[in-house]
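*Asks:* prediction below, plus the sequence it came from.
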Amino acid sequence: MAAFAGVKIGGPNQNPWGWFTELPANEDNAARHQVGVTPNDIPRTGWTREYDNPNVCQLRDYLTENNGIPGLELCEPHEVEKAAKLFHRDGFVAVRDCLSPELLAEMKATTDRAIMQAIESGPPPELRYSIGGSSASRQWFHDDAYCKIIDMPTTTPILEAIFGSSDYLVGGAGGDCALPGAVEYQSLHYDGIWQEPYDAQGKFTLKDYPVPVVTINFQMCDTDPTNGPIRQIPGTHHSHEPMPSLAEEPAWMKLSTVCPAPAGTGIFRDNRCWCARSNRHPFHLSASR
């Protein structure tokens, strides 16, 4: 049974707002957002959010057997050139042991506080949370633990290799999580926090340029096929293809998750790459040139 942010994963969901057997219809977007589900998410009609629900058991067995990127390579922090090469090839790279055991323990404690603050600051408990959203600054640098992840010997050399320079700025920090009972898939998206450059000839977009923004997601617990590893679609950081909806996605995309990977792993992501946060690795740091 995995533990995440003080919430046990693997038992019945004790949150009464998580017992819905059916989510509101697509057109009722306000009600759907109230339980942390976006309009593009496909509701699990007729499901109950219980560990031993037959549908949940079937999904768990299917994910155990199939979930995860085949041949996923985990780098070590000292493998700077390899990490940068994989990043530029796939649009992301997973690097284990980015956080020391001491810093990981401190970040886990911060996770508990941040998640509880997010839950207590909003409407009825949701399924997904953006931790930064519960802060007035929309960031989390007021916590000492976050300041410690800005410049680390396990991450800074890799960032410099990715950007080809030490001339970059830290743009923010926050986090995401999902509570037990979140059985829906989050729809694919990319984290565009920029404005496209003007091109009168219409030949170029930021997809054609070197990486503009990198986000590092730090995992707070070991990820496995069933506890919500992040989805990353390799190679899509330069793709001009239309992004599929959840209903259009092939099965392999839903199974394209970064697992297994131990707690303390840092997932360096090109923000242009298609992803979906299953959200069991709440802390992230974003940097850009």
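*Replies:* On my side now, so go ahead. Residues are numbered from 1 along each chain as shown.
*Asks:* what's the end-to-end length of stretch 65-84?
*Replies:* Length of stretch 65-84, first residue to last, Cα to Cα, to the nearest Å: 30 Å.
*Asks:* that one: which residues count as buried?
*Replies:* Buried positions in stretch 65-84, judged by neighbour count with 16 or more other Cβ atoms under 10 Å: 67-69, 72, 74-75, 77, 79-80, 82-84. Just so you know, the C-beta spots here come from the backbone N, C-alpha and C atoms, and that holds for glycine as well.
*Asks:* next, format the residues you listed as CSV and append secondary structure and pLDDT.
*Replies:* Below are the buried residues of stretch 65-84 laid out as CSV (DSSP: H, G, I helix; E, B strand; the rest coil; pLDDT from 0 to 100):
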residue, secondary structure, pLDDT
Asn67, coil, 94
Gly68, coil, 95
Ile69, coil, 96
Leu72, coil, 96
Leu74, strand, 98
Cys75, strand, 98
Pro77, coil, 98
Glu79, coil, 98
Val80, helix, 98
Lys82, helix, 98
Ala83, helix, 98
Ala84, helix, 98
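*Asks:* mind picking the two most distant members of the residues you listed?
*Replies:* Asn67 and Val80 (29.2 Å; Cβ to Cβ).
*Asks:* buried stuff in the longest strand along the chain?
*Replies:* What stands out as the longest strand in the chain, according to DSSP state E, is strand 169-178. Neighbour-count burial for strand 169-178, counted by 16+ other Cβ under 10 Å, picks out 172-178.
*Asks:* show me what whichever helix or strand comes after that strand is packed against.
*Replies:* Note on strand 169-178: by DSSP states H and E, the next helix or strand toward the C-terminus is strand 213-218. Judged by 3 or more Cβ pairs under 8 Å, 6 or more residues apart in numbering; DSSP states H and E, the packing partners of strand 213-218 are helix 156-163, strand 266-270, strand 283-288.
*Asks:* parallel or antiparallel, which strands does strand 213-218 pair with?
*Replies:* strand 266-270 (antiparallel), strand 283-288 (antiparallel) (DSSP bridges).
*Asks:* quick one: average pLDDT of whichever helix or strand Asn55 is part of?
*Replies:* Asn55 is part of helix 54-66, with elements assigned from DSSP H and E. Regarding helix 54-66, the rounded mean pLDDT is 90.
*Asks:* quick one: list the elements packing against that helix.
*Replies:* Using 3+ Cβ pairs under 8 Å, 6+ apart: helix 54-66 touches no other helix or strand.
*Asks:* buried sites along it?
*Replies:* So, applying 16+ other Cβ under 10 Å, buried residues of helix 54-66: 56, 59-60, 63.
*Asks:* got it, and stretch 246-254?
*Replies:* Buried residues in stretch 246-254, defined by neighbour count with 16+ other Cβ under 10 Å: 246, 249, 253-254.
*Asks:* same list (these) but as CSV, adding pLDDT, distance to Tyr190 and secondary structure.
*Replies:* Putting the buried residues of stretch 246-254 into CSV (pLDDT from 0 to 100; distance: Cβ to Cβ, whole Å; DSSP: H, G, I helix; E, B strand; the rest coil) gives the following:
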residue, pLDDT, distance to Tyr190, secondary structure
Leu246, 84, 15, coil
Glu249, 90, 15, coil
Met253, 94, 14, helix
Lys254, 92, 17, helix
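*Asks:* now render those as JSON lines, adding distance to Pro229.
*Replies:* Shown next, in JSON lines, are the buried residues of stretch 246-254 (distance: Cβ to Cβ, whole Å):
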{"residue": "Leu246", "distance to Pro229": "17"}
{"residue": "Glu249", "distance to Pro229": "16"}
{"residue": "Met253", "distance to Pro229": "14"}
{"residue": "Lys254", "distance to Pro229": "12"}
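*Asks:* can you name the two of those residues that are farthest apart?
*Replies:* Leu246 and Met253 (9.5 Å).
*Asks:* report the set of residues contacting both of those two.
*Replies:* Leu188 (Cβ atoms under 8 Å, 6 or more residues apart in numbering).
*Asks:* distance check, Gln139 against Asp176.
*Replies:* Distance from Gln139 to Asp176, counting by Cβ to Cβ, to the nearest Å: 14 Å.
*Asks:* next one: Ile69
*Replies:* Taken as Cβ to Cβ, the span from Ile69 to Asp176 is 20 Å.
*Asks:* swap in His142?
*Replies:* His142 is 18 Å from Asp176, by Cβ to Cβ.
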